[in-house]
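Engineer: Predicted structure and sequence below. I'll ask about it afterward.
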Amino acid sequence: MNLKPQKRMAADILKCGENRVYLDPYLIEDIAMAITREDIRNLIKEGAIQKKYKKGISKTRKIIRHERKKKGLGRGIGKRKGPKGARTPKKKAWMKRIRPQRRELKKMRDRKQITTATYRKLYKNAKGGMFASVAQMNRYIKEKELLRRGR
């Protein structure tokens, strides 16, 4: 028994795909007799033709994985995709390094701990990537005795 036209009409009326239309196997004869859209609507009211639920996707695994990642688990080398620069771009790392260095230099200059000439020289050195951190820059300044006397 070919119920393709009935299924097609029911899908159109129910506003879903043909795969989501459920035809009651006990009322196949009644469904086969339905040839108009009005007949199909009546069968839908009776419950002989129904719309199946959409299948959802469970978020449980995602939630568990997210909780683990918040704790720092599941972040090892085997879980990383793409290069190191994709996870933390080189530019961001540079900004994280250079901004505190420049702030420190400005602070020293404003407090008159270093001269303007020294400030310019150290600023250029920092820009050239000479210092890995503020601490290293401060060590360099102490070693080279660039701090002004009596300050």
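Structural biologist: Okay, I see it.
Engineer: From here on, just use CA atoms for contacts and neighbour counts.
Structural biologist: OK.
Engineer: residues contacting Ile114?
Structural biologist: Shown in contact with Ile114 (CA atoms under 8 Å, 6 or more residues apart in numbering): Met108, Leu146, Leu147, Arg148.
Engineer: Let's test this: mean pLDDT of the helix or strand the first one falls within, rounded?
Structural biologist: Pointing back at Met108 there. Met108 is part of helix 90-110 when elements are defined by DSSP states H and E. Averaging pLDDT along helix 90-110 yields 97.
Engineer: what does it contact?
Structural biologist: Contacts to helix 90-110, defined as CA under 8 Å, 6+ apart, come from residues Ile114, Thr115, Thr116, Tyr119, Leu122, Tyr123, Ala126, Lys127, Ala132, Ser133, Val134, Met137.
Engineer: mind listing what's buried in that helix?
Structural biologist: By 16 or more other CA atoms under 10 Å, the buried positions in helix 90-110 come out as Arg97, Ile98, Gln101, Arg102, Leu105, Lys106, Met108, Arg109.
Engineer: And for stretch 126-138?
Structural biologist: The neighbour-count check on stretch 126-138 (16+ other CA under 10 Å) flags Ala126, Phe131, Ser133, Val134, Met137, Asn138 as buried.
Engineer: Strands along this structure, start to end?
Structural biologist: Applying DSSP state E to the chain gives strands spanning 21-23, 49-51.
Engineer: got those strands as CSV, with mean pLDDT columns?
Structural biologist: Shown next, in CSV, are the strands of the chain (pLDDT from 0 to 100):
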stretch, mean pLDDT
strand 21-23, 96
strand 49-51, 96
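Engineer: All good on my end, thank you.
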